[in-house]
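1. sharing a model prediction with you, sequence too.
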Amino acid sequence: MAIKLKKYSRIILAGFFLIAGLNHFALPHFYYPLIPDYLPFPEVINYVSGIVEILLGIGLLVKTTHQKSAIGIILLMLLFIPSHIYFIQIGSCVEGGLCVSPFIAWLRLIVIHPLIMLWAWSVRK
């Protein structure tokens with residue numbers, strides 16, 4: 001039972017990352033303002049992030065790569081922290097884009113983000 005639950009959990013996480021990665025291509029202008037101003041080439045960062053998310057999502061579905069993909073997701077989440085901090089610094093609102101309360105922005109950073117990392121860690125084996 002526990003093995004099947006872990007398998008389904010890994011499949012759901014893979015789906016989450018596949019959809020998130022595809023969104024970087026479907027809605028790139030949603031992501032550009034979320035990339036900190038001090039980082040160059042926001043378009044490249046957006047598309048590379050999308051490609052990496054897609055590859056990690058696919059990797060979770062492949063028996064020989066799911067452990068490395070789970071670790072990759074944790075590392076990717078660490079790389080996304082500056083973007084979450086930047087979003088909080090700009091007031092948790094992007095004109096014509098994502099706009100949430102500061103509480104939700106902080107919740108994303110200090111609760112949801114670590115939970116995704118923990119989720120990836122839990123399905124690595």
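-> Thanks, I have the structure now.

2. what residues are up against His24?
-> Tyr31, Asn46, Tyr47, Ser49, Gly50, Ile51, Glu53 (Cβ atoms under 8 Å, 6 or more residues apart in numbering). No exception for glycine: its C-beta is placed from N, CA and C like everyone else's.

3. pull the most distant pair out of these.
-> Using Cβ to Cβ, the contacts of His24 reach their maximum pairwise distance at Tyr31 and Ile51, which is 12.9 Å.

4. neighbour count for the two, which is higher?
-> Tyr31 (22 against 13; other Cβ atoms under 10 Å).

5. relative to Leu79, how far out is the more buried one?
-> Counting by Cβ to Cβ, to the nearest Å, the gap from Tyr31 to Leu79 is 14 Å.

6. ok, Ala20 next?
-> 14 Å.

7. so for these two, which sits in the more crowded spot?
-> Comparing Ala20 with Leu79 by neighbour count (other Cβ under 10 Å), the higher total belongs to Ala20, at 15 against 11.

8. list the contacts of the more buried one.
-> Gly50, Glu53, Gly57.

9. which non-adjacent residue is nearest the spatially most central residue of the chain?
-> Centroid-nearest residue in the chain: Met77, 5.8 Å away (criterion: Cα atoms, centre = their mean). If the residues on either side of it in the chain are set aside, Met77 comes closest to Met117, at 4.9 Å by Cβ to Cβ, 6 or more residues apart in numbering.

10. then Leu39?
-> Leaving out its chain neighbours, the residue that sits closest to Leu39 by Cβ to Cβ, 6+ apart is Ile45, at 6.1 Å.

11. mind checking the SS state of the one you found?
-> helix (DSSP: H, G, I helix; E, B strand; the rest coil).

12. Gly97 now?
-> Gly97 carries the three-state label coil when classified by three-state DSSP.

13. roughly how far does it sit from Ile112?
-> For Gly97 relative to Ile112 (Cβ to Cβ), the value is 19 Å.

14. same question for Pro33.
-> Note on Pro33: its distance to Ile112, by Cβ to Cβ, is 20 Å.
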